[in-house]
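Enquirer: Sequence first, predicted coordinates after that:
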Amino acid sequence: MLKVLKFGGSSLADSAQFAKVKHIVESDRTRELVVVSAPGKVNSEDNKVTDLLYLIHAHIKYGVAYDGVLAMIKQKYAEIRNGCGLKTDVEALIDETFSKVDKKTSVDFIVSRGEYFSAVLMAEYLGYTFVDAADWLSFEFSGKVNAEKSEKKLRELKSIYGRIVTPGFYGALPNGDIHVFSRGGSDITGALAAAYLDADIYENWTDVSGILMVDPRIVKNPKSIARVTYDELRELSYMGASVLHEDTVFPVRIKDIPVNIRNTNEPDNPGTIIRENFDDELEEENERFITGIAGKRNFSIINVYKSRIGEEKLGLLRQVLEVFARYDIPVEQIPSGVDSFSVVFPSESIRVRKHELMHELSEFEGIDNCALTEGISLIAIVGRQMAYRTGISGKIFKTLGDNHINIRTIEQGADEINIMVGVFDEDFEKTVRLLYESFAL
Ligand code: ASP
């Protein structure tokens, strides 16, 4: 049994959080490889180390002294070192690193140091070996991960050292220069390490007890999701649920390694398990039907009318969609009626060219009439248990109908794991709340 763990910034914000991490790692001897982020915020007034490092880079670029910002970073790591009773002279390490930094130093190198210092301290604290990510995670010059090389190297290092702490977020280009993923990229490092080592599970430790069924800013204390499939997760994150870094799922998904989202501040909570599919279904999930609800505001609908549209409809639809493509408008849905069809898309995508587009469509040969409606929210009700079950959409429509919410658009994919409704923006939060209340047991 081998577990790969990744701890996010909030799990490493200070010495008290470091202590929680140690406790978690030591409570299970199979937790052999630990990936760490840079320390995050202790409270809302505090700053993330990575943000401070980006700030330092900006100072260097404009030739402004950055001692004050560097002092804040040093203080953060020194508090961790002192609070955890460690010996590493982290101030000297930071000073030495920045003594070599100048205008030519890449931003990637500078911002990657947050993870680096974090991993040095965590390795000492756990008594694990520090392995620099630059020594195993290889990028090609294009920015693509060289999977073959990285896997070989990590396996080699793992067999030599056994228990490892490695920094997330970065790796090395073929010439040795540091290259970082996009923000939040330590999730990817953890997933890659889990995949390369054929781990039994990838534990992603954060500050929430798993993925919540619905946005907690809309519903107070919503239930968390015990188990979610990759397909469901994609639907939910596409519709605005913020979960993991987008690219995280791919490496572990291919190998069917379960991802477990856990809370460092509540380690006994089992969190959420993400995997391709589940052989058996839990009673509770079975009865609940839905896995989660997510939604986004600010969509628009253009209705296109053409009387006796008949066989020409497909041709007309194609032509209209070509106009949308030319305007670079991402089309979300295309509900259609007998003599009309509608195109649903994000309002932002026509912000500056709204009048031009409407003018072009109104002049369009073959269209009798077209109309724009703005201020639409799309809400996705997602659940693998919905497939081939009767009564789910009935329940959705009854709930909204009973509460006088007008549904503007309706869509369900043929895999039946997602039903999407469009409502006016002013009904958005109410709709999400009502649906949650009627489905969450
Ligand atoms: N520290 C980096 C960031 O703040 C990477 C990460 O935490 O995943 O984006």
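Expert: Cool, the structure landed. Keep in mind that this is a model prediction, so the values were computed, not measured.
Enquirer: next helix or strand past the helix or strand bottoming out on mean pLDDT in the chain?
Expert: Least confident helix or strand, the chain: helix 283-288 with a mean of 62, by mean pLDDT, DSSP states H and E. Using DSSP states H and E, the next helix or strand after helix 283-288 towards the C-terminus is strand 292-305.
Enquirer: Now do whichever helix or strand comes after that following strand: distance to the chain's middle.
Expert: The C-terminal neighbour of strand 292-305 among helices and strands, as given by DSSP H and E, is helix 312-326. For helix 312-326, the distance from its own C-alpha centre to the chain's C-alpha centre is 33 Å (Cα atoms, centre = their mean, to the nearest Å).
Enquirer: now do stretch 179-190
Expert: Centre-to-centre, stretch 179-190 and its host chain are 11 Å apart (Cα atoms, centre = their mean).
Enquirer: hmm, who's touching that stretch?
Expert: With Cβ atoms under 8 Å, 6 or more residues apart in numbering as the test, stretch 179-190 has contacts from 4-6, 8, 35-37, 50, 108, 111-112, 115, 133, 137, 139, 143, 166-173, 202, 204, 244-245, 247-248, 251. Yep, even glycine has a C-beta here, placed from its N, CA and C like the rest.
Enquirer: Any idea how far apart the tips of that stretch sit?
Expert: Using Cα to Cα, to the nearest Å, one end of stretch 179-190 lies 16 Å from the other.
Enquirer: thinking again about what came up before, also within reach of the ligand: list those from the contacts of stretch 179-190.
Expert: 8, 37, 50, 168-169 (Cβ under 6 Å from any ligand atom).
Enquirer: Filter these down to just the ones in strands.
Expert: The strands, defined by DSSP state E, take in nothing from those.
Enquirer: Averaged pLDDT, stretch 189-209. What do you get?
Expert: For stretch 189-209, mean pLDDT is 96.
Enquirer: buried residues in it?
Expert: The neighbour-count check on stretch 189-209 (16 or more other Cβ atoms under 10 Å) flags 189-197, 199, 201-206, 208-209 as buried.
Enquirer: Buried among the contacts of stretch 179-190? Make that a ChimeraX selection.
Expert: A single ChimeraX command is used to select the members of these judged buried by 16+ other Cβ under 10 Å:
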select :4,5,6,8,35,36,37,50,108,111,112,115,133,137,139,166,167,168,169,170,171,172,173,202,204,244,245,247,248,251
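Enquirer: Can you flag which of the contacts of stretch 179-190 belong to helices?
Expert: Residues of these located in helices (DSSP state H): 50, 108, 111-112, 115, 251.
Enquirer: For those, give me a markdown table that also has pLDDT.
Expert: Shown next, in a markdown table, are those (pLDDT from 0 to 100):
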| residue | pLDDT |
| --- | --- |
| Thr50 | 98 |
| Asp108 | 98 |
| Val111 | 98 |
| Ser112 | 98 |
| Glu115 | 98 |
| Pro251 | 90 |
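Enquirer: nearest to the ligand, of those?
Expert: Minimum distance to the ligand across the ones in helices among the contacts of stretch 179-190 is 3.6 Å, recorded for Thr50 (Cβ to the nearest ligand atom).
Enquirer: ok, for the closest residue to the ligand within the stretch 201-350 of the chain, nearest residue in space, not its chain neighbours?
Expert: Here the stretch 201-350 of the chain gets closest to the ligand at one residue, His245, 7.1 Å apart by Cβ to the nearest ligand atom. Counting by Cβ to Cβ, 6 or more residues apart in numbering, Asp187 is the residue found nearest to His245 once chain neighbours are left out, at 4.0 Å.
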